[in-house]
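Student: coordinates only, sequence not included:
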């Protein structure tokens, strides 16, 4: 179970690539968001997102408990970025414009961590790892809705 949690938390090993958060967003996040929009009925979208996010927190929590990684938000853990991309495109039509804006803005917010994104990472452990990405994703979703 320990190896499985770490394998999932690292996005099937994508977290070991250069620029792991960006690679995870592009390689797994965008395709997952597209499939998610096609498969999840609109009335259940946000309930399913909450459940997936809670599952993400649980997996990352378990992965963190079983590793000797020295910093609070290990760069190889990218499941948070993958799940956050689902939030970026929740209820938004996925097309070239929204993908470009959504991907660039989300990654900038996640890397720079301006307020209020920075407040999310102050939570302990897996909660902080996931929350800052979800805040960045929700801000990105609002921008996409407003400007496209």
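Tutor: Ah, there it is. What you are looking at is a predicted structure, and each value in this text was computed from that prediction instead of being measured.
Student: What is the neighbour count of residue 51?
Tutor: Burial of residue 51, expressed as a neighbour count using other CB atoms under 10 Å, amounts to 11. Every residue, glycine included, has its C-beta placed from N, CA and C.
Student: mind checking how far it is from residue 45?
Tutor: Distance, residue 51 to residue 45, by CB to CB, to the nearest Å: 11 Å.
Student: biggest helix in the chain, by residue count?
Tutor: In the chain, ranked by residue count with DSSP state H as the criterion, the top helix is helix 125-147.
Student: gap between that one and the chain center?
Tutor: On the basis of CA atoms, centre = their mean, to the nearest Å, helix 125-147 sits 8 Å off its chain's mean C-alpha point.
Student: do the same with stretch 36-50
Tutor: Mean C-alpha position of stretch 36-50 versus that of the full chain (CA atoms, centre = their mean) differs by 16 Å.
Student: Pull the contacting residues for residue 14.
Tutor: The contact partners of residue 14, taken as CB atoms under 8 Å, 6 or more residues apart in numbering, are 20, 23-24, 27-28, 78.
Student: Of those, keep whichever come out buried.
Tutor: Members of the contacts of residue 14 that pass the buried threshold by neighbour count (16 or more other CB atoms under 10 Å) are listed as 20, 23-24, 27-28, 78.
Student: Spatially nearest residue to residue 107 (excluding sequence neighbours)?
Tutor: Using CB to CB, 6 or more residues apart in numbering and skipping residues adjacent in sequence, the residue nearest residue 107 is residue 22, 5.7 Å away.
Student: Residue 30 versus the one you found, what's the distance?
Tutor: 11 Å.
Student: and the gap between residue 101 and residue 140?
Tutor: Taking CB to CB as the measure, residue 101 falls 8 Å from residue 140.
Student: So the two - more neighbours on which side?
Tutor: A count of neighbours by other CB under 10 Å puts residue 140 above the other of residue 101 and residue 140, at 27 against 17.
Student: Report pLDDT for the more buried one.
Tutor: According to the predicted model, the pLDDT of residue 140 comes to 98.
Student: got it, and residue 41?
Tutor: Model confidence at residue 41, given as pLDDT, is 87.
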